[in-house]
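[1] Here is my input; please provide its structure:
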Amino acid sequence: MKKNYVITIARGFGSGGKALGMRLADELGISCYENTILALASKMTGKETAELIEIDEKLRKGSINALLRKLPRTTEPKAVQKKFESDEEIYRAQCDIIRNLADTESCIIIGKCADFVLKNYDNVVSFYVEAPRSYCLERITKRMHVDEEEAAKLIEKTDKYRAKYYEYYTNGNYWTNPVNYDMTFNMARVGEDKCVQVIKDYLVSRFGKNVVYPEAPSESNLFTFSKNA
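    Take a look at the predicted model:
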């Protein structure tokens, strides 16, 4: 039986999904993982023998978070300008990390097909965040210090890469399919504050009040989970 929960967030580039995840993590007192998962997966598929032994040991002990927290993380938007090319070895390593996290701690995982990887886990809720192009353009121009034309190119290339990535590793599913998620948010309409509150309310309805408010007396055994086979 599990006592931890995982929130996965997929997002369009510039929609504010990453910022939402980081803020939600701060308010819930849990970790938020994104680029560090790819960085660690790259290390796991490398040739540094001593480092691989340490990583394997951490995975076995269920303390992968200690390794992830040592890696540098970015808080700013990170565009992808290359064409998608599959790397099965790195993807499998990412899946191992994601499942390890879902088995051992409460956290938020952004991107990485986490909703698909954890689709059979009862302790997981998944959200998709998007916004109109005008909203994303304004956000990217300000946060990346580029003009609107460059921002539009970055959004188009990054979203195209994410769509192909998701389609390839989920056997033809599509990234924006609402059936993949518990809820979808239009950030321009809902706003970050309300998104945070709606997600908190949903956590309470799914897992019990003491998930969001640990000091609250437990009303039931809702804060226990099992993983489907």
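[2] For this protein, name the helix or strand with the lowest mean pLDDT.
    Every helix and strand of the chain was ranked by mean pLDDT, DSSP states H and E. The lowest is helix 49-61, at a mean of 51.
[3] Look up the pLDDT of residue 75 for me, please.
    Here, the pLDDT recorded for residue 75 equals 67.
[4] Sorry, slip of the keys, the one I care about is residue 213.
    The score at residue 213 is 82. That number is its pLDDT.
[5] Tell me how far it lies from residue 28.
    Distance, residue 213 to residue 28, using C-beta to C-beta, to the nearest Å: 10 Å. The way it works is simple: take the backbone N, C-alpha and C, and place the C-beta from them, glycine included.
[6] Compare the two (neighbour count), which wins?
    Each of residue 213 and residue 28 had its neighbours counted (other C-beta atoms under 10 Å), and the higher figure belongs to residue 28 (21 against 11).
[7] quick one, what contacts that one?
    Contacts for residue 28 were tallied using C-beta atoms under 8 Å, 6 or more residues apart in numbering; they are 106, 108, 200, 212.
[8] Which one of those residues sits in the busiest neighbourhood?
    With neighbours defined as other C-beta under 10 Å, the most crowded of those is residue 108; it has 26 neighbours.
[9] element containing it, please.
    Assessed by DSSP states H and E, residue 108 sits inside strand 107-110.
[10] Tell me how many other residues surround residue 151.
    Neighbour count of residue 151, defined by other C-beta under 10 Å: 25.
[11] State the pLDDT value of residue 67.
    Taken from the predicted model, the pLDDT recorded for residue 67 is 65.
[12] what residue ranges in this protein score low on pLDDT?
    Low-confidence segments of the chain (pLDDT under 70): 1-2, 46-67, 69-75, 216-229.
[13] go again using 80 as the cut-off
    1-2, 42-78, 81, 214-229 (pLDDT under 80).
[14] residues making contact with stretch 166-175?
    The contact list for stretch 166-175, computed with C-beta under 8 Å, 6+ apart, reads 10, 84, 86, 91, 113, 116, 162, 163, 180.
[15] Please name the nearest non-neighbouring residue to the fifth one.
    So that's residue 113. Computed as C-beta to C-beta, 6 or more residues apart in numbering, the closest residue to residue 113 that is not its neighbour in sequence is residue 169, at 5.2 Å.
[16] What count of nearby residues applies to the one you found?
    A count of neighbours around residue 169, defined by other C-beta under 10 Å, yields 18.
[17] how close does it sit to residue 140?
    From residue 169 to residue 140 the distance is 25 Å (C-beta to C-beta).
[18] need the helices for the chain, in chain order.
    Under the criterion DSSP state H, helices of the chain are mapped to 17-28, 35-44, 49-61, 64-68, 88-104, 114-117, 133-144, 148-169, 187-190, 192-207, 209-212.
[19] buried residues in the second one?
    By that I understand helix 35-44. The neighbour-count check on helix 35-44 (16 or more other C-beta atoms under 10 Å) flags 35, 36, 37, 38, 39, 40, 41, 43, 44 as buried.
[20] ok, those vs residue 18, which is closest?
    For those, the closest approach to residue 18 (C-beta to C-beta) belongs to residue 35, at 9.5 Å.
[21] ok, now how distant is the most centrally placed residue in the chain from residue 153?
    Closest to where the C-alpha atoms of the chain average out (C-alpha atoms, centre = their mean) is residue 110, at 1.6 Å. Relative to residue 153, residue 110 is positioned 22 Å away (criterion: C-beta to C-beta).
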